[in-house]
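J.: Kindly generate the corresponding structure for this input.
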Amino acid sequence: MVVTGLTLGALAAVSLLAFQADGAVTRTPAAAPAASAAAASPSPTAEPGPAVAALPAVSGSGRRVVYSTGLHQVWLVDPKKTPPVQGAFKVTPGTVEPLPGSYSVYSRAAAGTGTDGLSIEHVIRFVQQGSTVFGFSAAVDPSPATPPADTTPKKTGGIRSNRADGQALWDFAPTGTRVTVIP
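T.: Presented below is the predicted three-dimensional model:
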């Protein structure tokens, strides 16, 4: 009786392991493209996200943050390191975009409130054009906030990333870091 119980227990364990191994085999092909995409486009984010483009050739030189208004993408570039692109990720722009050019980070704040009412962190401001301040930030909780009572459209220059990418940008771009905006 004891031997039969042990045998049944062992068969159940082997069956469970075989089932799990079969499930792992069927998941492997789906995981392969995400891993190769991450290798092709470095990003500090561990979760697979939207595909990022390669750094454009006309993005300036030296250590810099590059922001493409057309691709809505950021690259963290340090030519003294291997690879020179230390991070690349998609972002969500505000309602207006900064003009192409070369700017410098002039102000940073660890936390604040965005013009959309969301709590934000890792705020990095790099240019003011007219009454619009342009900068990078990450929403602490990306859930929609209660809209402000004023329904007049506002010009917002906040360029949002996820929190992990926002942390990478914060670590990479102290005050004085060049920000190159390209089309």
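
J.: Which element, helix or strand, includes Asp171?
T.: helix 163-172 (DSSP states H and E).

J.: contacting residues for Pro98?
T.: Contacts of Pro98 were listed using C-beta atoms under 8 Å, 6 or more residues apart in numbering, and they are Tyr67, Thr69, Phe126, Val127, Gln129, Phe134, Gly157, Val181. C-beta here means a position set from N, CA and C on the backbone, and glycine is covered the same way.

J.: what's near enough to touch the closest residue to Ala111 other than its chain neighbours?
T.: Nearest non-adjacent residue to Ala111, counting by C-beta to C-beta, 6 or more residues apart in numbering: Glu121, 4.9 Å away. Glu121 sits next to Ala110, Ala111, Gly112, Ser137, Ala138, Val140, Arg163, Gly166 when contact means C-beta under 8 Å, 6+ apart.

J.: now with 7 Å?
T.: Residues in contact with Glu121, defined by C-beta atoms under 7 Å, 6 or more residues apart in numbering, are Ala110, Ala111, Ser137, Ala138, Val140, Gly166.

J.: Taking those, please make a PyMOL selection of just the buried ones.
T.: Of those, the buried ones go into a single PyMOL selection, burial set by 16 or more other C-beta atoms under 10 Å:
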select buried, resi 137+138+140+166
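
J.: and which of the contacts of Glu121 is nearest to Gly62?
T.: Of all these, Gly62 sits closest to Gly166, with 22.8 Å by C-beta to C-beta.

J.: Check the gap between that closest one and Thr177 for me.
T.: Separation of Gly166 from Thr177 (C-beta to C-beta, to the nearest Å): 15 Å.

J.: before we move on, back to that, turn the contacts of Glu121 into CSV, including distance to Thr95 and secondary structure.
T.: What follows is the contacts of Glu121, written out as CSV (distance: C-beta to C-beta, whole Å; DSSP: H, G, I helix; E, B strand; the rest coil):
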residue, distance to Thr95, secondary structure
Ala110, 25, strand
Ala111, 22, strand
Ser137, 15, strand
Ala138, 18, strand
Val140, 21, coil
Gly166, 20, helix
